[in-house]
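**Q** here you go, sequence then predicted model.
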Amino acid sequence: MRNRLLFLTAALLLASSSGWAQAPSPLASATQGTPAQAPPAVPAPLFSGTVDIGGLVTTVDGDEARFERYRDTRDGLYSTFNLNRETARYVFDANAFHVGYRDQRYSAAFMSRRVNVDFDWVSVPLNFSYLARTPFVTNGGVLTLDDSAQRAVQGPTNATNDGTAVGVPCAPGAAPASCSTPALAAQAKANRSIYNSLANAFDLRHRRDTANVALNYAATRALDVDATLRSSRREGQQPWGASFAFNTAIELPQPLDQRTNDASLGTTWANPRSMFRLGWNGSWFNNDIHSLTWDNPIRLTDFSNGLAPPAGPYDPSGYSNSNGPAQGRQAMAPDNVMHVVSATGLYKLRGRTTLNGVAQFTQQRQDDDLIPWTINSVINQPGVFAAFPNLAQLPRPTAEAEAVGVNTLLNLNSRPFRRVGFTVRYRYNDRDVRTPVFDAREYVRFDAVPEEGEEGFTHQYDISRQIFDASASFTPSGWGTVRVGYGHEAVERHGRGFSDVGEHIFRASFDAFSSQYVTVRTSFDTARRRGEGFVEADVDYEEGPGGTQPTLRYYDEADRDRTRGSVIVTVMPRDNVDVYTQFGGGRDRYLADDSVPVSRPGELFGLHESDVLSWNAGFNYHPTDVVSLGANYGRDRFSSLQLSRNASPPPDPSWTDPNRNWTLDNDDRTNNVTAYVDVLRAIRNTDIRFGYDYSDSNNSFAHGGPRVAALTAINQFIPLPDVENTWHRATTDVQYFFNARTGVGFGYYFEKLDIVDYSAIDTNGSVGFTPETGEPRIDWLGGLYTGYGNRPYTGHTGSVRVIYRF
Amino acid sequence: MTRRTFFFVTAALGYVLALTMAVAAAGGGGGGPDHLRQGYGGPPKLYAEAEGPPLRSIGAEGAHAVVGADLQVRPAAQAAQAPAPATGYVGEDTCLSCHEDRPYEGTKHGLAFNERTPAANQGCESCHGPGQAHVDSGDPALIRRPSQMAPAEVSALCMTCHNRAEHALWDGSQHDQRNLSCVTCHSVHAPQGEGQIKAKTQPALCATCHRNVTNRQHRFNHMPVREGAMVCTSCHNPHGSTNVRLLRAGTTVDEACTSCHADKRGPYLWEHAPVSESCVTCHDPHGTNNERMLVSKVPFLCQRCHVTSRHPPTVYEGYLLNNSQNANKISARGCVICHQMIHGSNAPSGHALLR
């Protein structure tokens, strides 16, 4: 509050100083009676700008955090300041918005003959939930629970049902220790977790503050030197997973304290024909919380059955039955560094031809200290190390992670004749991961169970892309341009399914833009992507890498046929009105291939198809110079179909049984409406602005296939309700000016969200299956959560301000 | 072509290009105005105004621009002493004696203290060419008019000065190839928004062609564009870029996204393949109706690729959600409540991204 008053006082003082600047000079009176001279020039104001300040009030019914989301609408001061000064030698401009609030922003710019300096400060809050609750107490990167509660859940021995309290529903503690039937689930829903009464409410949110300074020095007419510095800090909390077993899923507030510092330096030389820039970018990411350690809600001590490996002292099924550690520990985002050196050039050749390009070299490094294999004291002992010798120490103490990138882009663009042109482009991207392989064939799953597996080495996902694109344009009549083109993308991958993937792309477009009455822009492209050298895991091709179905294809590299098109038509019957329509659509079809000779030819698991359809229609109308209005209606549809199989690993017969197949059809349909009306000075001295936005979505997830039919037959399948959300936003701003300098402003902001989302668990249960209450339930089947979810709200914000221009 | 060979060829081409331009520079020549707001290829710009009404007609470039009543025009600086017009040039005062509705004072072009601006050179005629013939005859065809010129010619005109930093890669860029020109989006004489664009806000401007994309800022999960904390050019450079999709930073999608989300940059001990491939394998950064801007809801998004045995390809539906401990795979964070290190893990025991 003190800072806000100081800033307001300073702004008003600066504004009032313009009055001083315009006061008649005392020298004027001394010159009376002297010979007549030319009247003195009226001095320019010292500063000019705007002070827009007042009060802001907000009321919210429902999920207030979601209403705010990236804003801070707390009751209090509304403020927007602008200050600028322009002289014959420099220009200065400064702005401030919502001073002292979590979404405050500042900017300043100075420009003189040779120097350009820009400064920005932007705060962006991300408000997850003000309805969250957690029993965890946070101290840096350590989250703890009440020991007595943990003891009550664990019980006096290691027996599964020894506890007297429920920690996580359907996990060991008080019964039930697992849930697989409606009766057990009903029991679990009724027996509330002890942590439900111990959880404290808190605001789950974080904020990103970014300061950016950019400097450009024009050393000569041709030579610039530029530098930037940026520092971005992210601090607060976000919902985060931290689990112990299949039935002990934990969501807790992850503490965040991260900073990214970026710097760049460059030199640009340019004349009307050419340009060359040499630049360097450096980026340093620092995380003050390197690891997260958190208590297990169902265990106070590490589980031990007193046996020797392989039967103990850990529970060999501890990753599924929750007989595991008292604490978990995970490695958070590691500190990392990136350096980029680049050279960019441009040269204009004869015949209206331009050659431009860039070469860029990137190095990324990360060498954080590695956390141990596990925090579990029962596993960290000689008896276990004797059976798992690699767990006695790490292969190396730090990550030693590194990736090097080479990136090049060359463009040749030519218009040798007025009606003919062509463009050729070549892009090369290479990412070479140089991280030494880390041997983790012996590791600890969920801090609960040591295991050994053949596929325990780290993977290096190297990617090398070469993209060639050529197109030619023809403008036959000057009314429109036809363009046709071909592109080819070749990708080499290491560590993925296919080692080589190539895509041929054909495109065509027509643009008519010369008429003052109509503009038409259309485009069409079709692409065919095919992979070679599929990596198989087993000689008999019964399993793919990582135990996948051998006919699974990852959709980001799978064989695919793609078709896309768009049309934009804008009609302008008069110069104060335009009517437009936009249409866009795309279709991806993923294909089975014969890379691996399996006994199921034509079978394809994974994504089969993905479609998008979007169209919009609207208008803009300016009946007079002071009135403008417009509206748009749009409809989007995104749909996809995927195939999977619910099976046990081979040689179980379900592995190859097509009756275990199931599909998922995701269909997301959204209606959008946008409208605005501006009435600026149509009413004397009054500006009125009104805007309205609307989005209405229905997102369905429909299962199908023989496996679903089988589950339905035994009453173990219930279709998921659609995820529906309807959002309205209306804004109004009215400004009335008493004179050229002073006025008042009235603002009103309305926002409403109605939402039904089955993944949000309210006090009644899963929303969509049960009526929403708007209040979270933090203990649900198999999990202990923060209560963060998608919930409805209705919010109103009003502001009354005084506006002063100077 | 092997990787090493291509690296050599690329380096050689770059050297030739630099050498060629250095030789061309030996012929002298001046620079042009280009006021660098950020370092080229640097971090995205974040500051923006709140959203306003969309762009008015842009059918014929510049022909129907409107001087908005809320146009912020700074007080004019004292004009530098203009030099005597060169041959064929008539001087700015002559132009304004008829075209008084076409000032550029208060814009960056009008800053006479900057030797690269039109105001410090030939004024109006810096862009419109010598005006003597036009003044003598009154024939509008005898003066350069961007609204009547072919898009490529307009771009070439502006690029004589704006040929560095943000604009260096315009030629051959996606918008240039589709016959957009500088005056499609910008107005020298009657801008409405920051950067001399023809709309009050960037989303309003971009929506004239990319309405299907700008609509997504109204989706349930979105970047803070509609709140005014970001704009389209926070991530994209519409003038041409080293990256795909006109992304501003880096040369791949991942490099662009991790320029802000550096915690996802890694490299990690354990990498997640689709993350190394591209962030948009799983996310739509313009906005979606799914949490964390995913292209589909978890666990279904994960099940597009994880078709193995046991729990990944289980049918997660309403029965499990209401009657089983496996509800934790379909409620709240879904798969990511256990596999929380979804972007990569630095834990020795993190091969399933569990720690």
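**A** Now that the structure is in, tell me what you want to look at.
**Q** tell me if I'm right that A:Q549 and A:P649 touch.
**A** No - with contact defined as CB atoms under 8 Å, A:Q549 does not count as touching A:P649 (10.4 Å). For every residue, glycine as well, the C-beta is placed using N, CA and C.
**Q** quick one: which of those two has more around it?
**A** Comparing A:Q549 with A:P649 by other CB atoms under 10 Å in any protein chain shown, the one with more neighbours is A:Q549, at 25 against 13.
**Q** hang on, that one in a strand?
**A** No - under the criterion used here (DSSP: H, G, I helix; E, B strand; the rest coil), A:Q549 is coil, not part of a strand.
**Q** and it, what pLDDT?
**A** Per-residue pLDDT puts A:Q549 at 92.
**Q** roughly how far does it sit from chain B?
**A** Distance, A:Q549 to chain B, by CB to the nearest CB, to the nearest Å: 5 Å.
**Q** how near is that residue to A:A709?
**A** A:Q549 is 20 Å from A:A709, where distance means CB to CB, to the nearest Å.
**Q** tell me the SS of A:F690?
**A** Look at A:F690: counting by three-state DSSP, its state is strand.
**Q** who's in contact with it?
**A** Contacts of A:F690 were listed using CB atoms under 8 Å, 6 or more residues apart in numbering or on different chains, and they are A:676-678, A:730-732.
**Q** 10 Å instead, please
**A** A:F690 sits next to A:629, A:675-679, A:730-734, A:748, B:53 when contact means CB atoms under 10 Å, 6 or more residues apart in numbering or on different chains.
**Q** can you name the residues bridging to it?
**A** For A:F690, the beta-bridge partners are A:V677, A:T732 (DSSP bridges).
**Q** what of A:G236?
**A** A:H206, A:L256.
**Q** number of nearby residues for it?
**A** 20.
**Q** isn't it right up against A:T138?
**A** No - here A:G236 lies out of contact with A:T138, judged by CB atoms under 10 Å, at a distance of 11.3 Å.
**Q** can you tell me the SS state at A:N411?
**A** Classification of A:N411 using three-state DSSP returns strand.
**Q** quick revisit: common neighbours of A:G236 and A:T138, please.
**A** A:253-255.
**Q** low pLDDT regions in the stretch 101-250 of chain A?
**A** For the stretch 101-250 of chain A, no stretch has pLDDT under 70.
**Q** kindly report the same for chain A.
**A** Counting by pLDDT under 70, chain A has low-confidence residues at A:1-45, A:478, A:536-540.
**Q** is the most centrally placed residue in it bridged to anything, and to what?
**A** Central residue of chain A (CA atoms, centre = their mean): A:L126, 11.5 Å from the mean position. On the basis of DSSP bridges, A:L126 is bridged to A:H206.
**Q** and it, what does it touch?
**A** Taking CB under 10 Å, 6+ apart, we find A:L126 in contact with A:65, A:68-70, A:102, A:204-208, A:234, A:236, A:238, B:224.
**Q** run the last query once more with 7 Å
**A** A:70, A:205-206 (CB atoms under 7 Å, 6 or more residues apart in numbering or on different chains).
**Q** now list the buried members of these.
**A** Neighbour-count burial (16 or more other CB atoms under 10 Å in any protein chain shown) applied to the contacts of A:L126 gives A:70, A:205-206.
**Q** quick one: which of these is nearest to chain B?
**A** Nearest to chain B among the buried ones among the contacts of A:L126: A:Y70, at 3.8 Å, using CB to the nearest CB.
**Q** that closest one: helix or strand, and which one exactly?
**A** Assigned by DSSP states H and E, A:Y70 falls within no helix or strand.
**Q** what are the ranges of the helices in chain A?
**A** A:2-22, A:26-30, A:64-68, A:147-154, A:182-190, A:194-198, A:318-321, A:382-387, A:706-713 (DSSP state H).
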